[in-house]
Every structure is written in C-alpha cells, then in structure tokens.
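S.K.: take this sequence and fold it.
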Amino acid sequence: MATKTGRGHALRGRLLLSSSADSRRLLIPIMKVEPRIKGFLCTTSHPEGCAIDVKNQIDVAKQAGPISGSPKKVLVIGSSGGYGLASRITAAFGCNAATVGVFYERPGSARRSGTPGWYKSAAFSQQAREAGLYATDLNGDGFSPEVKQATIEVIKRDLGQVDMVVYSIASPARELPDGSFVRSSLKPIGETFEGGSINLTTGVMRGISIEPATQQEIDDTVKVMGGEDWESWIAALLEAGVLAEGCITTNYAYLGSDVTWPIYHHGTIGKAKDDMDRAAVALQGPMASINGRAYVAVMKGIMTKGGSAIPTMSIYLSLLFKVMKAKGTHEECIHQTNRLFNKLFVDDDLKLDEVGRLRLDDWELSEDVQGFIRDTRPQLTTENLNELSDFAGCRRSFLQMHGFDFPGVDYEAEIDPIVSMPLEYGG
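M.R.: Numbers count the residues shown, from 1 in each chain. All right, here's what the predicted structure looks like:
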C-alpha cells in the first residue's frame, strides 16, 4: 500500500503482515524515508541516521574523558536536540550522571516519520540504559504546569533531588495559562532588513527583505523565548524541594557578531536573549537559598533547528564553518557542552563577561575568524559558493540534524518509522 504525503512523496511505504508470538497478525509499516525540505524546514527524519547522530555524540563525550566534580543527577528541559541533547549526553556519558529529559516530540506512524527529536531521545535512552545509566523521559509541553508537576514527581520518586538543571527549550510558540497562544518572530527592530540567504536544496543565493517587527511581535517573542519560563521552572523546583544544595542551572544563548546583529542580536530574538540575561540575574536570589547559581551560556554559531530558521544564517554559517575548520577550531554542540561542563566543574577560575554570562563563542569571535567572514561575504555568489565557503558542510549539518547524509546508512532501504520509547509522561 502506498502512503502519500503530498508533493515529492518523501515517505513511500507499504504495510507488511507479521506474526506475533501469540499468532495474531500485525500490520507493520515499512517505508522509504527521504529528506523533504521546505525552505529552512525538513519535514521528514530518518530513525537510523538519528540514532547514529546520538552514538557519534556519545563517542565524543567518552573520548573527552570523565569530568571531575561534575553533577550526578541532571534535569534537561528541552533535551531532544541541539544543545539540550548534547548537554544530556555530556551529563550521562561525560559525568556518569542520571538524567531526566523533558521534550515535546511526535512519534512516527504508519503515514509519516517521527520528528528527529523523538528518534534521538529514544536512541539516547536506549544507549544510556544499556550503559547502566538512569534515564527517564517526559514528552509534553514544557511550558505547562502539568509537565512541571510530572517532572517533579519523577525526581522525588527516583532521584530525590537534582544538582543541575539545563533549560534549553527552543519553541516557536507558547500556550499561556488562559489557553491563548503567542508566537515568536525573527524580525529586525526599527527598520527593514535587507540581506541574503541560500536555498538549502538548490544552493542558490537570493536576496531577502524583512519588515521590522511590531511592538506586539517583540513582546510575544520575549514571552516565548525569554527567561520567564526558566524562572517558572526554577520556582516550581525550589518550592518542591527537589534542587540539591549547590545546584547549578544554565540556559543557552547566542549573540553572534556584527555581521548577524541586524537580524539577530538587534532584532526580536535579541530582545528575548536580553530577557534571559534579566532572568539569570533575578534567579540569583532564589538560587542563593540553596547556595546555587544561575548562568546564561553564550554558545557559538552552529546549525541547529533554531539557527536554520534565522534569515541570512546559512551564509554566515557557511563562511564560519569554512574558516574555523581550516583553523582547527570548529565545534559542534557536543564539543561546546563538553567545554561548558569543564568550565563549570573543573576550571578553578570561572570567567564571566560584563553581563555575568559564560562565553563559549570566543573562538568564533576572534578577529581573524570575523575578518575572514567580513572580507569574503561580499564576494559570495551562487557560482563561487562552494569555493569560498563551506556550504556543503553547512548543508550536511542541516541534513544530519534530521538523520540524513550519514555514511553507512542505506537510505534506499525501506524501514519501520515507528520507534517506541518508555515514557513517564505523554506519548
């Protein structure tokens, strides 16, 4: 039976009959999964490739060696991809920590593949348990009181308390307690933005123009992506008594350079990151009650789900990858989180910037790296893109984020898109 999903038929499948142990005949969906890209979105993902991505990150964490003085019970809110998943892998396989992961992902079905975050969370939990590590998962809206309460109950029952909380929710929308929704925007503030972007499918460069945000769009973006929910989580965890003495909580930000500031740091998303800084300061008081600390960690430019949605970021990242790979300083999420954990738990002198943030974007912002980007960017055309930049590597990172373009995976083979995962909450 063919399963159609619209133009391109990215999922082409059939149902196989199989006999179970009790001789009942079951329908097992079998389909070929191919990348289906719409703009900056890939609407399909490959379970085997996602599992390899997780394994590769685990290997990096193991090769880096154990992190001394590190946390042993870690809650990661937003643990299914990007820096959240990398944080959970570093905690588990670099610190030998028990981890609780909170995420909001969709499983696969007979008609469509699941989200990459579902497959990666399932792969992490399986590999963690095989390694003898505690790993518990909750799938639901992290903004909701219900998910917060369910998480607290799991911690009380299994761990008692946690000694680190990583907040890494990256969502385009948020449901408020009254049932209404607010959505974030990626827009400039004050004036129209004129810039360029690269089509991730064709490699063709094109100009873009983005009108400035309204005040409502600015406020909504802060509501979704600012520090309010981070504060809400910490307040709930403190009230429940599940944060251990000396607990550390972190949140992730990106600042970029003056090349990206017009659409990022000086735009709506920048206002949300400013609010995150505000929240980190506001949390120092409550965290002091347990001798704890709150930090915003500023990370380098990397192809993540959120990063791929930022206009012009494909150009900037292609140039950034080119120069940093040439210098031997390129890092993916897992390398950055490993460096962060070492800063937090190993380094004697924890250096913060003037706002109180931990900076892991130092190699990206070095003058030779930014000089290359400023000098090369005006020369880029569709024709010389692969010569002057690492667009191929940037696109590969985008595809691998969804489980595609990994060596050793037979992407022509038909597979079962349904991957099960034991959950403490949700489905």
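S.K.: I'd say Phe40 and Leu200 touch.
M.R.: Yes: in this structure, Phe40 is within contact of Leu200 by CB atoms under 8 Å, at 6.8 Å. Glycine gets a C-beta too; all of them are placed from N, C-alpha and C.
S.K.: more crowded one of these two?
M.R.: Taking other CB atoms under 10 Å, Phe40 and Leu200 do not tie; Leu200 has more neighbours (22 against 17).
S.K.: how about low-confidence regions in this protein?
M.R.: 1-28, 308 (pLDDT under 70).
S.K.: one more time with 50, if that's ok
M.R.: Where the chain drops to pLDDT under 50, the residues are 1-25.
S.K.: tell me which residue is most central in it.
M.R.: The centre of the chain sits closest to Gly82, judged by CA atoms, centre = their mean, with a distance of 2.5 Å.
S.K.: which residues does that one contact?
M.R.: 168, 170, 302, 304-306, 333 (CB atoms under 8 Å, 6 or more residues apart in numbering).
S.K.: quick one: list the elements packing against the strand or helix carrying Arg396.
M.R.: Using DSSP states H and E, Arg396 sits within helix 391-401. With contacts taken as 3 or more CB pairs under 8 Å, 6 or more residues apart in numbering; DSSP states H and E, helix 391-401 sits against strand 41-42, helix 47-64, helix 305-308, helix 313-327.
S.K.: which other residues reach the last one?
M.R.: What it means is helix 313-327. Outside helix 313-327, the residues touching it (CB under 8 Å, 6+ apart) are 40, 196-198, 200, 205, 256, 259-260, 264, 301-303, 307-308, 330-331, 363-364, 368-369, 372-373, 376-377, 380, 385, 388-391, 393-394, 397.
S.K.: could you rerun that using 7 Å?
M.R.: Applying CB atoms under 7 Å, 6 or more residues apart in numbering, the set of residues contacting helix 313-327 from outside is 196-198, 200, 259-260, 301, 303, 307, 330, 363-364, 369, 372-373, 376-377, 380, 389-391, 393-394.
S.K.: and those residues, which of them are buried?
M.R.: 197-198, 200, 259-260, 301, 303, 307, 330, 363-364, 369, 372-373, 376-377, 380, 389-391, 393-394 (16 or more other CB atoms under 10 Å).
S.K.: am I right that Gly285 sits in a strand?
M.R.: No: judged by DSSP: H, G, I helix; E, B strand; the rest coil, Gly285 forms no part of a strand; its state is helix.
S.K.: can you get me the start-to-end distance on stretch 109-120?
M.R.: One end of stretch 109-120 sits 16 Å from the other (CA to CA, to the nearest Å).
S.K.: same question, stretch 245-262
M.R.: 41 Å.
S.K.: tell me which element Val166 is part of?
M.R.: Assigned by DSSP H and E, Val166 belongs to strand 162-167.
S.K.: now swap in Met421 and tell me
M.R.: Met421 is part of no helix or strand, with elements assigned from DSSP H and E.
S.K.: what are the phi and psi values for it?
M.R.: When read as degrees, to the nearest 10, the backbone of Met421 gives phi -150, psi 130.
S.K.: tell me how many other residues crowd it.
M.R.: Using other CB under 10 Å, the number of residues around Met421 comes to 18.
S.K.: before we move on, what about the one 5 residues further on?
M.R.: Each residue near Gly426 was counted by other CB under 10 Å, and the total is 17.
S.K.: likewise for Gly256?
M.R.: Neighbours of Gly256 under the rule other CB under 10 Å: 23.
S.K.: on that earlier part again, the buried ones among the contacts of helix 313-327 in strands, which ones?
M.R.: Among those, DSSP state E puts 197-198 in strands.
S.K.: contacts only, for Val154.
M.R.: Contact analysis of Val154 by CB under 7 Å, 6+ apart lists 100, 136, 138, 424.
S.K.: switch to 8 Å and redo it
M.R.: Listed by CB under 8 Å, 6+ apart, the contact partners of Val154 are 100, 136, 138, 424-425.
S.K.: how about the secondary structure of it?
M.R.: When classified by three-state DSSP, Val154 comes out as helix.
S.K.: state the distance from it to Gly84.
M.R.: For Val154, the distance to Gly84 equals 17 Å [CB to CB, to the nearest Å].
S.K.: for Val76, same thing?
M.R.: Distance from Val76 to Gly84, by CB to CB: 6 Å.
S.K.: any shared contact partners between these two?
M.R.: By CB under 8 Å, 6+ apart, Val76 and Gly84 have these common neighbours: 166, 168.
S.K.: residues touching the residue nearest to Ser257 when sequence neighbours are not counted, list them.
M.R.: Distances taken as CB to CB, 6 or more residues apart in numbering place Gln370 nearest to Ser257, at 5.2 Å, with adjacent residues excluded. Residues in contact with Gln370 (CB under 8 Å, 6+ apart) are 257-259, 364.
S.K.: again with Arg88
M.R.: Residues counted as contacts of Arg88 (CB under 8 Å, 6+ apart) are 74, 76, 79, 99, 101, 124, 166.
S.K.: next: Thr376.
M.R.: Applying CB under 8 Å, 6+ apart to Thr376 gives the contacts 319, 322, 388-389.
S.K.: how about the helices of the stretch 251-400 of the chain, start to end?
M.R.: Along the stretch 251-400 of the chain, counting by DSSP state H, counting those that start in this stretch, helices occupy 268-288, 305-308, 313-327, 333-345, 367-376, 385-388, 391-401.
S.K.: reformat the ones you listed as CSV; add distance to Val60.
M.R.: Formatted as CSV, the helices of the stretch 251-400 of the chain follow (distance: least, CB to CB, whole Å):
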stretch, distance to Val60
helix 268-288, 27
helix 305-308, 20
helix 313-327, 16
helix 333-345, 5
helix 367-376, 22
helix 385-388, 27
helix 391-401, 14
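S.K.: give me the buried subset of the contacts of Thr376.
M.R.: Neighbour-count burial (16+ other CB under 10 Å) applied to these gives 319, 322, 388-389.
S.K.: in TSV: those residues, plus distance to Ala272.
M.R.: Output for these, formatted as TSV (distance: CB to CB, whole Å):
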residue	distance to Ala272
Leu319	25
Lys322	29
Leu388	32
Ser389	28
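S.K.: relative to Pro407, which of these is nearest.
M.R.: If you rank those by distance to Pro407 using CB to CB, Lys322 comes first, at 21.5 Å.
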